[in-house]
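Participant: predicted coordinates and the sequence they were generated for:
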Amino acid sequence: MSEAQGHTAASPPAQIGDVETVLLGDLHARVAAAREKNLRFVTATCLDAGENYEIYYHFADGALLRHLRLVVAKGVEVPSISGIYFAAFLVENEIKELFGVPITGIAIDYKGRLLLTEGGPSTPMLKTRLGTED
Amino acid sequence: MSDRTVLPFGPQHPVLPEPIQLKLTLENETVVEAVPHIGYVHRGVEKAGERMDYTQNVFLVERICGICSFIHALCYCQGIERLMGVEVPPRARYLRVIWSELHRMQSHHLWLGLLADALGFESLFMQFWRNRERLMDIFEKTAGSRVIISTCTIGGVRRDIGPEDQQMIMQELEVLERALDEALEAILSDRTVKRRTVGKGVLSAEQALHLGAVGPVLRGSGVAVDARTEGFAAYADLGIEPVVETAGDAYARTRVRARECYQSLGLVRKAIEGLPDGEIAVRPRGRPDGRTISRVEQPRGELLYFIGADGSARLDRLRIRTPTFANVPALVAMLPGCEMADVPVITLSLDPCISCTER
């Protein structure tokens, strides 16, 4: 077995490619434009970025992936895109439950009970729990 | 106006080997709305993936699903390799294709058997599963294990397939192909099967795209999307054309999987014939840093891993989007308007994997 060189300071960390950062107010217009172009909704990814949430919406344009990136402060409501792409309803419920992102207007809203049960952990994917200092 | 009845379909049902529930609203015998409920066996794998060492995650992700465990590991390893700048040796890339396509075949055989069983063809069900045993035997002989074969690793593969085992695989594939010809003839030409699947659960190409469908569900609706065409592992060398049917119904999805069995047979043979000499793995150095997306084609469709790393031993984020998770909205859209009696076959035609969905 030989050894392969990992990236060094000279070669910057990899990034995910075609990313367009959008403002909250422009989200629906940008998603509607993706639908107009017949892009396939792939999924969304939420990251806990300290004071903010970082949400990626992934679309497939043929074989290519395109991404919309939204950065919102924790506690700010995010409108659902499931009115444009119905397929988003499942992952939006997941993000709402596991990260605590207040996503509003989801086509089928499980109201926090898609995956989690009463008495179970809340927002388990957060690195620090909302409203606590641990 | 007819009275409406709400009927729970699942979580336990003869066509559902794993728990998922569809809350069906019926008018007489016609479905007017379907609301899916998951979460019965959710395991929190994404969170676990942030707490374990990035090398340990290979063992974690290959346990997400017993049917496509190797391909989960492949998707994860490819992402980590990209972040670390690892060049996988050519022989390992070909071996990855061989095990991936054997997995696809055993998964499709499993599903074809389940379909036969759901339609009352018990002998045919046993025939498909007996044939599948040949593939499981190949796993045992080449990897030492029948289900979670654990041969993929960051930097390559853990085991080689020597000349004797290559010959054994080629011989087994000959037998398997003849058996497949017989069994598929029985299921694809049968009048009863056609009456239960043709025109059932129709999804147009436009619907399939907008609903985010993947795999045989998407290709059965005439959309030629297959992540293998991106050329990961050795697919660029071996060449691949997506298998497409256009009717968009349960029968079209069955035909896609049936034809993909032959496609996989061809790919395994081609990979063995062209297997390059050389190392099967390189040892990665350093730690992953940055963000990447890794995509592969599982038997049920596109699998996507979003991996975020910060140069430490633990990942910052491991997001896993499995194919059945992507196909649930399509199921919700294809059920309204169908008869209650068709719900089991339409649901089964997605080849739902709840282990993957409930990561």
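Facilitator: Nice, I can see it. The model shown is predicted, which means the values in this text are computed figures rather than measured ones.

Participant: quick check, the longest helix along chain A touching chain B?
Facilitator: Under DSSP state H, the helix in chain A containing the largest number of residues is helix A:88-99. Yes. Counting by C-beta under 8 Å from any C-beta of the partner chain, chain B has neighbours in helix A:88-99: A:88-91. All C-beta atoms are positioned from the backbone trio N, CA, C, and that covers glycine.

Participant: out of the residues you listed, flag the one nearest to chain B.
Facilitator: A:Leu90 (5.8 Å; C-beta to the nearest C-beta).

Participant: how confident was the prediction at that closest one?
Facilitator: Note for A:Leu90: predicted pLDDT of 95.

Participant: list the residues that contact the nearest residue to it once chain neighbours are set aside.
Facilitator: Using C-beta to C-beta, 6 or more residues apart in numbering or on different chains and skipping the chain neighbours, the partner closest in space to A:Leu90 is B:Val328 (5.8 Å). Contacts for B:Val328 were tallied using C-beta atoms under 8 Å, 6 or more residues apart in numbering or on different chains; they are A:90, B:36, B:38, B:357.

Participant: of those residues, the lowest pLDDT goes to which?
Facilitator: Among the contacts of B:Val328, pLDDT bottoms out at B:Thr357, giving 82.

Participant: which residues touch that one?
Facilitator: B:20, B:38, B:322, B:324-325, B:328.

Participant: which residues of the stretch 251-359 of chain B lie near chain A?
Facilitator: B:279, B:281-293, B:295, B:302, B:304, B:306, B:308-309, B:311, B:316-317, B:319, B:321, B:325-326, B:328-330, B:332-333.

Participant: which of those count as buried?
Facilitator: B:281-282, B:284, B:287-293, B:295, B:302, B:304, B:306, B:308-309, B:316-317, B:319, B:321, B:325-326, B:328-330, B:332-333 (16 or more other C-beta atoms under 10 Å in any protein chain shown).

Participant: the nearest residue to A:Leu23 once chain neighbours are set aside bridge partners, please.
Facilitator: Closest residue in space to A:Leu23, ignoring its immediate chain neighbours: A:Leu70 at 8.0 Å, by C-beta to C-beta, 6+ apart. Residues in a beta bridge with A:Leu70, per DSSP bridges, are A:Val22, A:Ile55.

Participant: right, and A:Leu70 touches A:Tyr57 too?
Facilitator: Yes. Using C-beta atoms under 8 Å, A:Leu70 is in contact with A:Tyr57, at 7.3 Å.

Participant: more neighbours: which of those two?
Facilitator: A:Tyr57 (24 against 20; other C-beta atoms under 10 Å in any protein chain shown).

Participant: pull the CA atoms of the strand or helix carrying that one into PDB?
Facilitator: Assigned by DSSP states H and E, A:Tyr57 belongs to strand A:52-61. Extracted as PDB, the C-alpha positions of strand A:52-61 are listed here (Å, rounded to 0.1, in the frame of the first residue of the first chain):
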ATOM      1  CA  ASN A  52     -26.900  31.200  12.100                       C
ATOM      2  CA  TYR A  53     -28.300  28.300  10.100                       C
ATOM      3  CA  GLU A  54     -26.800  27.600   6.700                       C
ATOM      4  CA  ILE A  55     -29.300  25.900   4.400                       C
ATOM      5  CA  TYR A  56     -28.400  24.500   1.000                       C
ATOM      6  CA  TYR A  57     -31.100  23.700  -1.500                       C
ATOM      7  CA  HIS A  58     -29.700  21.200  -4.000                       C
ATOM      8  CA  PHE A  59     -31.100  20.900  -7.600                       C
ATOM      9  CA  ALA A  60     -30.000  18.700 -10.500                       C
ATOM     10  CA  ASP A  61     -29.700  20.200 -13.900                       C
END
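
Participant: for it, buried residues please.
Facilitator: In strand A:52-61, the ones that count as buried by 16+ other C-beta under 10 Å are A:53-60.

Participant: next one: stretch B:114-126
Facilitator: B:114-119, B:121, B:124-125.

Participant: tell me which of these is nearest to B:Ala233?
Facilitator: B:Leu114 (27.8 Å; C-beta to C-beta).

Participant: residues contacting that closest one?
Facilitator: So B:Leu114 contacts B:15, B:17, B:125, B:348 (C-beta under 8 Å, 6+ apart).

Participant: who wins for neighbours among the residues you listed?
Facilitator: B:Leu348 (24 neighbours).

Participant: so it sits against B:Val15, correct?
Facilitator: Yes. Using C-beta under 8 Å as the test, B:Leu348 is close enough to B:Val15 to be in contact (4.9 Å).

Participant: which neighbours do the two share?
Facilitator: Counting by C-beta under 8 Å, 6+ apart, the residues touching both B:Leu348 and B:Val15 are B:114, B:118.

Participant: returning to what we had before: from the contact counts, what lies against the strand holding A:Tyr57?
Facilitator: strand A:40-49, strand A:64-73, helix A:88-99, strand B:301-310 (3 or more C-beta pairs under 8 Å, 6 or more residues apart in numbering or on different chains; DSSP states H and E).

Participant: tell me which residues of the second one come out buried.
Facilitator: Just to be clear, that refers to strand A:64-73. So for strand A:64-73, counting by 16+ other C-beta under 10 Å, buried means A:65-68, A:70, A:72.

Participant: and which of those residues is nearest to chain B?
Facilitator: Closest to chain B, out of all of these and judged by C-beta to the nearest C-beta, is A:Leu65, at 6.3 Å.

Participant: cool, thanks, talk later.
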